[in-house]
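Chemist: 3D model of this:
(one chain, ligands or ions: 1)
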Amino acid sequence: MFLTISTSGDARNPATDLGFLLHKHPDRTQAFATSHGTAHVFYPEATPERCTAALLLEVDPVALVRRGKGKGKGRGGAPDAALAQYVNDRPYAASSLLAVALSAVFSSALRGVCNARPERAARPLPLRVEVPALPASGGAGLVRALFEPLGWTVTATPVPLDVRFPAWGDSRYVQLVLDVPDGRLTLGEALRHLYVLLPVLDDAKHYWVSPDEVDKLLRAGDGWLADHPERELITSRYLARRRSLTREATERLELVRLADADDTDVEELDNAVAEDESDTFDTEERPVPLALRRREAILAALTAAGAAHVLDLGCGQGQLVQALLKDARFTEIVGLDVSVRALTVAARRLRLDRMGERLAERVTLLQGSLAYTDKRLKGYDAAVLSEVIEHLDVERLPALEYAVFGSARPRTVLVTTPNVEYNVRWETLPAGHVRHGDHRFEWTREEFRAWARAVAERHAYDVEFVPVGDDDPEVGPPTQMAVFTQAAREEVRAA
Ligand code: SAH
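Modeler: Prediction:
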C-alpha cells in the first residue's frame with residue numbers, strides 16, 4: 001500500500017518544510033511498527049521547489065487474519081472463503097489500514113501540530129496526493145463526490161482488471177490523484193480528509209469498530225464533515241454501517257452544525273453573562289449578585305452531599321467550574337455545554353492551556369447536548385444544572401430528564417431555575433417579561449415543584465427544595481433550587 005504527498009515551494013518557503021510538518025526528516029528513511037505491519041516513510045524527492053513524502057505500508061496478511069479471527073468474526077462456510085483469508089489484496093491496495101498507518105506515523109501532523117514551524121502548520125499550502133491503487137467501492141464518481149466538495153481537484157482513473165485483456169473491464173480500483181492549489185487547505189486538513197475518506201471508499205473496515213470510533217471520526221471530521229453533502233454516507237461507511245454508532249455520530253454532527261450556525265459571538269455571550277451576574281437584588285447595604293448567591297448555594301449543597309466527582313451540565317462560560325476547582329474536595333470536574341463558543345470562553349477563563357498538570361487533571365470540558373443520552377456522563381457523584389432547564393423548549397425536557405436522571409444517574413442532582421413570581425420585585429423588569437432573552441419559560445414555585453416531584457417519582461429520587469436569595473414572604477426567592485438524591489435501595493424495592 002502506497003501513498004505520496006507532495007508540495008511545491010520556493011527559496012522563502014521551501015517545499016522541504018514538509019519534513020518539519022510531517023515530523024519526518026527528508027534525508028532519512030524511517031520505519032515504524034504499526035498494528036498491521038511495518039510503515040516506511042521516505043522522500044523520493046526533496047528540493048526547495050518540490051518535495052514528496054511517501055508512505056509505504058507492508059501489511060502482514062497472516063497477522064491480519066489472526067487478528068480478525070480473535071475478534072470472533074469467523075467466516076467459516078465455503079472452502080474458498082478460508083483461502084480468501086490468505087489470498088487477498090490487502091497488502092497491495094490502499095485501504096483502511098493505510099489510514100490507520102497514516103494516523104500512527106503522522107499523528108501530530110494530522111492534528112495540525114508542529115512545534116518547529118507552528119506558523120507553517122496553520123498555513124495552507126499547495127498539495128498533491130497520489131494513491132496508485134485505491135479500492136473504491138462506488139467508483140470514480142463517488143471519489144469525486146467525496147473529495148471535490150472539500151476543495152480537491154480529483155483525477156480518478158479506473159484500473160483495468162488485466163491490461164492484457166481489456167475486454168475484462170475495470171477492477172474496483174482507481175488510480176487516484178488529488179490536487180489542491182495554495183490557499184485552500186493546510187496539511188493537517190488534507191491528512192484528516194484522507195484519514196476518514198480512504199476507509200470510506202474501501203468500505204471494508206479491517207479492524208474492530210469500537211464505540212470510540214465515533215470520537216475519532218468527529219475529531220478528524222472537525223471543520224468539514226458536518227457540512228459535507230455526503231455526510232451520511234461517510235458516517236455510515238466509516239462506522240462500518242453500525243447503526244447505533246452512525247446515529248450517535250449523525251446527532252453529534254448536527255449539534256456541531258447548529259452550534260456553528262448560531263452566530264452569537266463570544267462578546268454577545270460575555271454580555272449575556274454579565275447581565276446575568278448583575279441580577280442584583282436590593283439589600284440596603286451591599287447587594288450580593290444573585291449569580292454569586294447561586295454558586296454559594298450550589299457549593300454548599302454539593303459539600304453536604306459529599307460529592308467529589310461533579311458534572312456541571314450547561315456549564316456556560318465555566319464560572320462554577322472555576323469555583324469548584326478552588327476546592328480540593330472536588331477531585332473531578334466535568335463541564336458540558338452544547339455551545340462551542342461558551343466552551344471556548346470557559347477554556348480561556350480557566351486558562352486551560354496554561355494550567356498546571358495537577359489542576360488540569362481535575363477538569364474536563366465536553367461539548368454535548370443534554371437532549372441526548374451520553375455515556376460520558378455516567379458514574380459521577382453529582383450533577384448541577386444551574387439555570388439551564390429554562391433554556392430548553394418544554395417539549396425537550398423529557399429528553400433532558402431521561403439523559404440526566406435515567407441514563408447518567410448521579411447520586412445527587414441540583415437544578416436551579418428562576419422563580420417567575422419574583423419578577424414583580426425586579427424594578428427594571430417590565431411586567432410579563434422573562435429575565436433573559438433565551439429563556440423559553442419561567443416557572444412559579446408550584447410549577448417547578450410539580451415538575452421536580454414527577455421527575456423524582458419516575459426515576460427513584462427524593463427531592464427537596466431550597467430557596468436561593470432572599471426568600472420574599474409573598475413571592476418567594478428569586479431563584480429556586482431542587483436537590484434530588486437517589487432514593488435508598490430498600491425504598492426503591494418497596495415502591
Ligand atoms: N450554568 C451556567 C450557564 C447557564 S446559561 C450558569 O449557571 O451561569 C444556560 C447554558 O445552557 C448555556 O451555556 C447554554 O449553551 C446551555 N444549554 C442550552 N441548551 C443545552 C443543551 N441542550 N445541552 C447542553 N447545554 C445546553
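Chemist: mind listing the strands for the chain?
Modeler: For the chain, the strands defined by DSSP state E occupy 2-8, 30-34, 37-46, 50-59, 127-135, 153-160, 170-180, 309-313, 332-337, 363-367, 382-386, 412-418, 461-468, 479-486.
Chemist: Which of these has the lowest mean pLDDT?
Modeler: Here the lowest mean pLDDT among the strands of the chain goes to strand 30-34, at a mean of 85.
Chemist: what's that strand in contact with?
Modeler: With CB atoms under 8 Å, 6 or more residues apart in numbering as the test, strand 30-34 has contacts from 24, 38-42, 57, 100-101, 104-105. All C-beta atoms are positioned from the backbone trio N, CA, C, and that covers glycine.
Chemist: could you redo the last one with a cut-off of 6 Å?
Modeler: For strand 30-34, contacts defined as CB atoms under 6 Å, 6 or more residues apart in numbering pick out 38-41, 101, 104-105.
Chemist: Show me what from the stretch 1-150 of the chain comes close to the ligand.
Modeler: Proximity of the stretch 1-150 of the chain to the ligand, by CB under 6 Å from any ligand atom, involves no residues.
Chemist: actually the stretch 351-495 of the chain, not the one I typed
Modeler: 369-371, 386-388, 391-392.
Chemist: from these, which has minimum pLDDT?
Modeler: Per-residue pLDDT puts A371 lowest of these, at 87.
Chemist: That residue: what's it in contact with?
Modeler: Here A371 is in contact with 396, 399 (CB under 6 Å, 6+ apart).
Chemist: circling back: let me have the strands of the chain in CSV, adding mean neighbour count as columns.
Modeler: What follows is these, written out as CSV (neighbours: other CB atoms under 10 Å):
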stretch, mean neighbour count
strand 2-8, 20
strand 30-34, 13
strand 37-46, 18
strand 50-59, 20
strand 127-135, 21
strand 153-160, 16
strand 170-180, 19
strand 309-313, 25
strand 332-337, 23
strand 363-367, 18
strand 382-386, 25
strand 412-418, 24
strand 461-468, 17
strand 479-486, 22
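Chemist: And those strands: which comes nearest V321?
Modeler: strand 332-337 (4.4 Å; CB to CB).
Chemist: tell me the angle the closest one makes with strand 309-313.
Modeler: Going by axes from the mean of the first three to the mean of the last three CA atoms, to 10 degrees, strand 332-337 is angled at 10 degrees with respect to strand 309-313.
Chemist: Please see if strand 332-337 touches the ligand.
Modeler: Yes: for strand 332-337, a contact with the ligand is found by CB under 6 Å from any ligand atom, at D337.
Chemist: Output that strand as CSV, nothing but the C-alphas.
Modeler: Provided in CSV are the C-alpha atoms of strand 332-337 (Å, rounded to 0.1, in the frame of the first residue of the first chain):
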residue,chain,number,x,y,z
GLU,A,332,-13.0,15.6,39.2
ILE,A,333,-15.0,18.3,37.5
VAL,A,334,-16.6,18.0,34.1
GLY,A,335,-18.2,21.0,32.4
LEU,A,336,-20.5,20.2,29.5
ASP,A,337,-22.3,22.6,27.2
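Chemist: residue ranges of the helices in the stretch 351-495 of the chain, please?
Modeler: Taking DSSP state H, counting those that start in this stretch to define them, one finds helices in the stretch 351-495 of the chain at 357-360, 397-401, 445-459, 489-494.
Chemist: mind putting those in JSON lines, mean neighbour count and mean pLDDT included?
Modeler: JSON lines is the format used below for those (neighbours: other CB atoms under 10 Å; pLDDT from 0 to 100):
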{"stretch": "helix 357-360", "mean neighbour count": "10", "mean pLDDT": "85"}
{"stretch": "helix 397-401", "mean neighbour count": "17", "mean pLDDT": "95"}
{"stretch": "helix 445-459", "mean neighbour count": "17", "mean pLDDT": "97"}
{"stretch": "helix 489-494", "mean neighbour count": "9", "mean pLDDT": "52"}
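Chemist: Which among those helices is found nearest to D312?
Modeler: Between the helices of the stretch 351-495 of the chain, helix 397-401 lies closest to D312; by CB to CB that is 14.7 Å.
Chemist: any idea how far F448 is from the ligand?
Modeler: 16 Å (CB to the nearest ligand atom, to the nearest Å).
Chemist: Quick one: residues contacting that residue.
Modeler: Neighbours of F448 in contact, by CB under 6 Å, 6+ apart: Q480.
Chemist: try it again with 7 Å
Modeler: 417, 480 (CB atoms under 7 Å, 6 or more residues apart in numbering).
Chemist: Please list the residues of the stretch 201-350 of the chain that sit near the ligand.
Modeler: 314-316, 319, 337-339, 342.
Chemist: which residues of the stretch 51-200 of the chain fall in helices?
Modeler: 61-70, 79-84, 96-105, 107-111, 118-121, 139-147, 187-202.
Chemist: any idea of the mean pLDDT in the last one?
Modeler: What helix 187-202 shows for mean pLDDT is 92.
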